[in-house]
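Visitor: Test case, fold it:
(one chain, ligands or ions: 1)
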Amino acid sequence: MDEERLAIVTGGARGLGLAMVDALLGQGVVDRVAVFDLLDDPIDDERVSVHRCDVTDAGSVRAAYAEVGAVPRVLVNNAGGDPGSGVTAAANGPFADPGEFRRMVDLNFTSAHLVTSIVGPDLTEGAAICSTASIAGQVASPLFAYGAAKCAVIHWTKSMARVLGPRGIRINAVAPGIIRTILWEQLEPDIDRYKQNVVSRIPLLDDQTPEDIADAVAFLCSGRARSITGQTLAIDGGMTAGEPIFGSWETADGRSWSSPPG
Ligand SMILES: NC(=O)c1ccc[n+]([C@@H]2O[C@H](COP(=O)([O-])OP(=O)(O)OC[C@H]3O[C@@H](n4cnc5c(N)ncnc54)[C@H](O)[C@@H]3O)[C@@H](O)[C@H]2O)c1
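Guide: Residues are numbered from 1 along each chain as shown. Alright, predicted model coming up:
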């Protein structure tokens, strides 16, 4: 019988991470998942074990990994966000409190390195790593610390790909756009205002679901992505395609001008 394929998914107890657990199992990428999360709520699936763990703490990650007692084929560094204080956190202003800033970077970037530094040395040929970045790490954003941390994930993914590639290990990232998880419920509780001010600005005029992001993670961790490494895939309805640089106007001699034409 073939060896059982295991995934470790950090932050897999709810939100995008929980959808990733479902997608990895449902699409047959792995047979079993170990979730590392601050929450230890059981997931109603005998193929999933939940291990209470703080991904910013090396001792906690080592203990959870020892509890699992097996080497994964897939590692998903997804835990992140700002579960404590919401998007108004002191970390996110232009002159934010340095301690809060560091806390945000620890959770949203350093934790990916920390978990990978503990699990990564055991990975063997054919393994895949995927981390959850954000479009806030690709374009300017009012979330200063969060965006910088997610940008670091994207750059780190490229550097890691260069050294892990010759060992047959791939590493990629996803950059989710707008998903109405707890983060967005805190930012704009009013659904009509959310649609009017946020969703209407997405080129595809629709926000993303946890399943949209999870499908991309399952693909990047599967054999179908065997030639893809070092990349960050934005799942954002076209938001990072950017605004037209000049917009459109009427010239003095009456021509209408638009960039891009449309
Ligand atoms: N929701 C969005 O719109 C959005 C957009 C872009 C990127 N993201 C990113 O997607 C990822 C998941 O976000 P979500 O929206 O599902 O958030 P969420 O808060 O619903 O889920 C995050 C999960 O991570 C766990 N977690 C938090 N801190 C942890 C820690 N120190 N150790 C272990 N587990 C911890 C939480 O308990 C929770 O289960 C995050 O990295 C977030 O930054 C989310």
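Visitor: roughly how far out does the helix ranked longest in the chain sit from the chain middle?
Guide: For the chain, the helix that runs over the most residues, judged by DSSP state H, is helix 144-164. How far helix 144-164 lies from its chain's middle: 11 Å, per CA atoms, centre = their mean, to the nearest Å.
Visitor: Stretch 182-192 now?
Guide: 19 Å.
Visitor: Endpoints of it, how far apart?
Guide: End-to-end distance for stretch 182-192: 16 Å, by CA to CA, to the nearest Å.
Visitor: tell me which residues in it are buried?
Guide: Buried residues in stretch 182-192, counting neighbours by 16 or more other CB atoms under 10 Å, are found at 183, 188. In this view, the C-beta of every residue, glycine as well, is placed from N, C-alpha and C.
Visitor: cool, and stretch 38-50?
Guide: 43, 48, 50.
Visitor: Strands - which of those land there?
Guide: 48, 50 (DSSP state E).
Visitor: Show me what the longest helix of the chain is in contact with.
Guide: Residues from elsewhere that reach helix 144-164 (CB atoms under 8 Å, 6 or more residues apart in numbering): 77, 80, 82, 87, 91-94, 96, 100-101, 104-105, 107-109, 112-113, 116, 120, 129, 131-134, 136-138, 140-141, 170-173, 175, 229-232.
Visitor: Can you say which of the residues you listed are buried?
Guide: 77, 80, 82, 87, 91-92, 96, 100-101, 104-105, 107-109, 112-113, 116, 120, 129, 131-134, 136-138, 141, 170-173, 175, 229-232.
Visitor: among those residues, which are in reach of the ligand?
Guide: 80, 107-108, 132, 134 (CB under 6 Å from any ligand atom).
Visitor: need those residues in CSV with secondary structure and pLDDT, can you?
Guide: Formatted as CSV, these follow (DSSP: H, G, I helix; E, B strand; the rest coil; pLDDT from 0 to 100):
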residue, secondary structure, pLDDT
G80, coil, 95
L107, helix, 95
N108, helix, 96
T132, strand, 98
S134, coil, 96
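Visitor: Of the residues you listed, just say which sits nearest to K195.
Guide: Of all those, S134 has the smallest distance to K195: 20.8 Å, by CB to CB.
Visitor: quick check, E125 in a helix?
Guide: No - judged by DSSP: H, G, I helix; E, B strand; the rest coil, E125 forms no part of a helix; its state is coil.
Visitor: Find the residue closest to the residue of the stretch 51-200 of the chain found nearest the ligand in space, skipping its chain neighbours.
Guide: Nearest residue of the stretch 51-200 of the chain to the ligand, counting by CB to the nearest ligand atom: G80, 2.6 Å away. Excluding the flanking residues, the one nearest G80 by CB to CB, 6 or more residues apart in numbering is N108, at 4.4 Å.
Visitor: how close does T251 sit to E243?
Guide: Distance from T251 to E243, counting by CB to CB, to the nearest Å: 21 Å.
Visitor: do the same with A58
Guide: 42 Å.
Visitor: higher neighbour count, the two?
Guide: More crowded of A58 and E243, by other CB atoms under 10 Å: A58, with 13 against 9.
Visitor: Can you tell me the closest non-neighbouring residue to the more buried one?
Guide: Using CB to CB, 6+ apart, the nearest residue to A58 is L114, at 5.9 Å.
Visitor: pretty sure the one you found contacts G59?
Guide: No - applying CB atoms under 8 Å, one finds L114 not in contact with G59, separated by 10.7 Å.
Visitor: Which of those two has more residues huddled nearby?
Guide: The neighbour comparison of L114 against G59 (other CB under 10 Å) goes to L114, with 20 against 9.
Visitor: pLDDT at the more buried one, what is it?
Guide: pLDDT, L114: 98.
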